[in-house]
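K.L.:
would you be able to build a 3D model of this:
(chains A and B)
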Number of protein chains: 2
Amino acid sequence: MPMPQHVVRGDGHLNIDGNFTIALEGYKDARLASARKRFLNTLSRETGIPYHHEVTSGQAILTVRTAGVDDAVLKLGENESYHLEVTSSHALLTAPNPLGAMHGLQTFLQLVTITPEGFSAPAVTIDDEPRFPWRGLMIDAGRHFQPMDVIERNLNGMEAVKLNVFHWHLSEDQGFRAESKIYPLLTGKGSNGLYYTQAQMREVVEYARDRGIRVVPEFDMPCHTTAWFVGYPALASGKGPYKIETQWGVFDPAMDPTRESTFEFIDKFIGEMTRIFPDAYFHVGGDECDGKEWDANPRIKAFMRTHGMKDNAALQSYFTARVQKLVAAHHRIMEGWDEVLQPNTPTDVLIQSWRGPKSLAAAARQGNRGILSTGYYVDLNQSAAEHYLADPLAGDGASLTPEEKKRVLGGEPAMWSEFTTPEIIDSRIWPRTAAIAERLWSAQDVRDVNSMYARLSVVSDKLESYGLKHQSFTRPMLQRMSGQADPKYLAVLAGVVQPPVGYQREELKKYDWYSPLNHLVDAVPPESEMARKFKNLVGVIVAGNASTEQIQKAKKWLTLWRDNDAKLEPSLKRSDITAELTPVSETLSQVSTIGLSALDDLESHRVADSATTQSGMQTLKSAEKPQAVLRDMVVAPVEMLVQAAHAQKP
Amino acid sequence: MPMPQHVVRGDGHLNIDGNFTIALEGYKDARLASARKRFLNTLSRETGIPYHHEVTSGQAILTVRTAGVDDAVLKLGENESYHLEVTSSHALLTAPNPLGAMHGLQTFLQLVTITPEGFSAPAVTIDDEPRFPWRGLMIDAGRHFQPMDVIERNLNGMEAVKLNVFHWHLSEDQGFRAESKIYPLLTGKGSNGLYYTQAQMREVVEYARDRGIRVVPEFDMPCHTTAWFVGYPALASGKGPYKIETQWGVFDPAMDPTRESTFEFIDKFIGEMTRIFPDAYFHVGGDECDGKEWDANPRIKAFMRTHGMKDNAALQSYFTARVQKLVAAHHRIMEGWDEVLQPNTPTDVLIQSWRGPKSLAAAARQGNRGILSTGYYVDLNQSAAEHYLADPLAGDGASLTPEEKKRVLGGEPAMWSEFTTPEIIDSRIWPRTAAIAERLWSAQDVRDVNSMYARLSVVSDKLESYGLKHQSFTRPMLQRMSGQADPKYLAVLAGVVQPPVGYQREELKKYDWYSPLNHLVDAVPPESEMARKFKNLVGVIVAGNASTEQIQKAKKWLTLWRDNDAKLEPSLKRSDITAELTPVSETLSQVSTIGLSALDDLESHRVADSATTQSGMQTLKSAEKPQAVLRDMVVAPVEMLVQAAHAQKP
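P.N.:
Numbers count the residues shown, from 1 in each chain, chains lettered A, B, ... in the order given. Next up, the predicted model:
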């Protein structure tokens, strides 16, 4: 995962044992040497076989033949192809450049599995290259700061699934996270001490480049800029003084586009940042301006009248055009969110679409290139399947001309960080982002959801073993919230609940920067694997295709959930953090009781009467509502069972 | 843990909620600011409550009052005391210097637990200081290289349990791990590319200092030096050429003590390393010289005759004395293993005892200071209890005069790395090293093993949440060796087996540097918590003190183990790595069957006849023998059951 473009299965397996060696041929550089080292480290970790980095002499088991060099700075649209041949005795990886070779090494690592003869890779011939050249991941370090280890382990995850752009959202109303030496108060007053030093940002650029990943920094302007104004209030359209924002939402503060000093500041700042970030693209945000500070400032209103700007959109358009010139003067291509697209926007400006395929298609028609983020907001707790099926060229994109389609460069999962901490973030990004990575790399018609989930489960384990914590983060959180070393009954409950989808969480409860993210809703992954499996099983049962074993399995699970409440309930009172789960646990028990009864009816071909069905459905409807900001994922499949029990023929 | 010297419990609890703040008073420096930041990070991770590092204004919940400065370079014997008062409204930590303040912060973190009102710390007054000034941890990065993240997360663990010396074993026959710019071939030919750069070593020194930990480097000489000779054969007593050693054991290569060039090399090298490692102590090893290269070299034999050296010990003594002068010339105090102690050894030389309390006491009597490592070899898979009860002043140490006792500075767990990888190493060090840390910090009479295990279990969870992987490493290894996403039956088996103790592993199977460490013996912790609990339970049962619930619990466990084999066995054939477990699993089933029958006899007061008892004991005796390099830890308690069933009165 992502599925390669062309795969031909051969005969037999290549053993990966203590004799495994890898040699680099053709073009060589430090990046390839380091890729070889990381490859051997990962393989050691996968197999437990020590590979000690000796440079191979003589013929190696795996030969990596790299034809030529790529540029010092990674470029959009670089050749990322590779050819991998595995036979039962050797493997050969050829690529035009180090980037392709690195992708091929990741594919090889994914081929390695345990077999009756130990670890091995199947004989196979693979020709591969990506569908889209821009396959990103955005991490918002503004709202909740994410320390270096979070960034680095997520770059490892990106490499594993061949994502190639790290979009680093570095400033927000809630914090300015990039050290500026020219304007030290940006972090001095706007970060609470939580920021990346210039040395650290350079380290990230280097670390990413080593893994074939470009780094595009984002400094969101003219809005989402409260943190800038704490140290530099003269940039703002309002009177100030400003404080770092601690609420979530859209806020009024906006840069003052009418002052030349604003653009001088931005010019110098961009200059400083481009000395750290060599990538050709520079993201200036541009989203969600409510314009209230502009409306409230008579001088700005006067400026608009003088220059014939009819509304705030026109004012922002003026601002964006000015910033675009500054970005261009620093030899960078501007990138921005949907809002930066105006009729007069230069066509080299790259549009990141958060409003949907329609605006992405509109940008492409207007001659601008764009990438899709709608459908890929991984902080919103949608299922992997939903993300997987969102295609940059679906909807309005499908009707573009071939020329216009080429302007759709790819997409980017966006990890906004209102509800995440360094402990939780991996689970919000992974493994679902691997499904999006496949969408962006593999052919458009690779869209079998069952196959995706089966492969995602394997990749998820690999990602965890590469150092990500999306699987292991739950248990210590349950231990802490329960005060128990082995919170097994709490784990049963945790296994079938999910956080709310979309923006519902904020509607259910008030949160801000100070809100502890230490409740069950924070400790469970966005998608319950257990509940998904149960739903699939129920699907088979209501279709009348279930075996006796399958029905027994469903019963076993429902019984487990029904009986869990009696065991869990006494311990929930031990803390406020778990006390709120009492009704959640009770509801799970009730829902499961209804499910068991419906299953009995189905098994004995007894049609449930309308009264029972109606009363059951009423309970279930009410159980659909989130409790303790959690969704009970057993409810929907049990509804299916109840309806099937009522609908069957006697 | 470690248990403070004086603890007085107060009334009530201090709530740790969103309003928690911490202020630094008195002396302030960057190290304290960084300790405060790490403290808040850890507290956030513990509670899920975000603490955003704002500097507290007004009165804080926790005030840290530091009286004065400590030296830029940490020193042996520095004041490490602190006073901590927690009331239901505030907490005050006072310390004479940052070191004490940092220890107090760690104690505070350990006080925080979940309660019915959320997270809180109990009201308490603590006065604390360590029993021994040298509380170390040695990591052998020579045999298996350990990357930076391993070192750093283990330094975090050390800080949490107040260990204060990181002893970094940097050279071995199997690899030279420290970059020298003067002698680049040390790593260039002697490391396979696996070494620490000078920048990385400096980073470790800084990282450790930030956590109140001194770093003592060790360069073992004149033996354990094969890796030096690959690049610099002229240092050796033999003819060469030399290759990096890939076997385990004691090897012949030894430095040539008869050449002045040897000492010139060592002099320059020590000079270079002391510019990286500022600590007052410098470890030169000195252990395990077999002298064979000296015996085989006529020039060396002649030198010995000329200088009236009667044996190799005398030659090594000459070498050590020369090296000691070089170390002293670089303003360092020499440290070495037992062997460096000779009648004429200067009394400032520090002796690290691996031969036992007797040689440690002998050193103290001779006027030398020393530390104990015997009994603390954590790579040998002994129980936490055994380590815990080993006291630097027990045995021969007990009969020392008070003056001599003061020369026993403390101790050091030693993590030798034949059987470890970066994936496994945390489990070999933790949590047992926390028990040793308590031995070295707390009063000599704090030695209740049950209390230790109860507290160790809590500290173990905390250490895991600080980033160590001693708990979480097992599961991914079981997944990999089984190829199963949820290897639950394998996990049952894994829960009750242990690696062999001491040097038995090497007797059971041939291992070298290339041996995969990916078998069950590598994936299980050195001490099975499940088996320990079962053994305690059986202790209660055979003493006739068990409740019905306790007997039921024992039955439930034995039944689980008896029935596991039938479920596990079919999947074991899937790979060679698991196939060897077939007899292990079968034996567990047999042993448990015998245990169940003995338990029945005990429950129904039926005396088992001699024939049954004897046949059972025979099976059990044979089950004591390791299979697949694994010990079945259920055997011993079942033997207790069988004997009790036979011995009971009808």
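K.L.:
residue numbers of the stretch 51-200 of chain A in contact with chain B?
P.N.:
A:52-55, A:113-118, A:144, A:192-194 (CB under 8 Å from any CB of the partner chain). Where you see a C-beta, it was placed from the backbone N, CA and C, and this is true even at glycine.
K.L.:
swap in 6 Å and give it another go.
P.N.:
Residues of the stretch 51-200 of chain A lying close to chain B by CB under 6 Å from any CB of the partner chain are A:52-54, A:114, A:116, A:118, A:192-194.
K.L.:
can you pick the most crowded of the residues you listed?
P.N.:
Using other CB atoms under 10 Å in any protein chain shown as the neighbour definition, these reach their maximum at A:Ile114, which records 23 neighbours.
K.L.:
not counting sequence-adjacent ones, nearest residue to it?
P.N.:
What sits nearest to A:Ile114 in space, not counting adjacent residues and going by CB to CB, 6 or more residues apart in numbering or on different chains, is B:Gly483, at 3.9 Å.
K.L.:
neighbours of that neighbour, how many?
P.N.:
Around B:Gly483 there are 18 other residues, counting by other CB under 10 Å.
K.L.:
before we move on, back to that, just the residues of the stretch 51-200 of chain A next to chain B: which has the poorest pLDDT?
P.N.:
Of all those, A:His53 carries the smallest pLDDT score, 69.
K.L.:
so what's the closest residue to A:Asp379 other than its chain neighbours scoring on pLDDT?
P.N.:
By the measure of CB to CB, 6+ apart, the closest residue to A:Asp379 outside its immediate chain neighbours is A:Trp416, 4.5 Å from it. Here, the pLDDT recorded for A:Trp416 equals 97.
K.L.:
which stretches of the stretch 201-350 of chain A form strands?
P.N.:
Remark: strands assigned in the stretch 201-350 of chain A by DSSP state E, counting those that start in this stretch are A:214-218, A:281-283, A:333-337, A:350-353.
K.L.:
packing partners of the last one?
P.N.:
Secondary structure elements in contact with strand A:350-353, counted by 3 or more CB pairs under 6 Å, 6 or more residues apart in numbering or on different chains; DSSP states H and E, are helix A:357-365, strand A:370-372.
K.L.:
ok, which of those comes nearest chain B?
P.N.:
Taking CB to the nearest CB as the criterion, strand A:370-372 is the member of those that comes nearest to chain B, at 31.3 Å.
K.L.:
partners of that closest one in the sheet?
P.N.:
For strand A:370-372, the paired strands and their directions (DSSP bridges) are strand A:350-353 (parallel), strand A:408-411 (parallel).
K.L.:
what mean pLDDT does stretch A:554-569 have?
P.N.:
Taken as a whole, stretch A:554-569 carries a mean pLDDT of 97.
K.L.:
residues making contact with that stretch?
P.N.:
Here stretch A:554-569 makes contact (CB atoms under 6 Å, 6 or more residues apart in numbering or on different chains) with A:489, A:492, A:534, A:537, A:585-586, A:588-589, A:592-593, A:595-596.
K.L.:
going by distance to B:Pro4, which of those residues wins?
P.N.:
Proximity of the contacts of stretch A:554-569 to B:Pro4, judged by CB to CB, is greatest for A:Tyr489, which lies at 34.4 Å.
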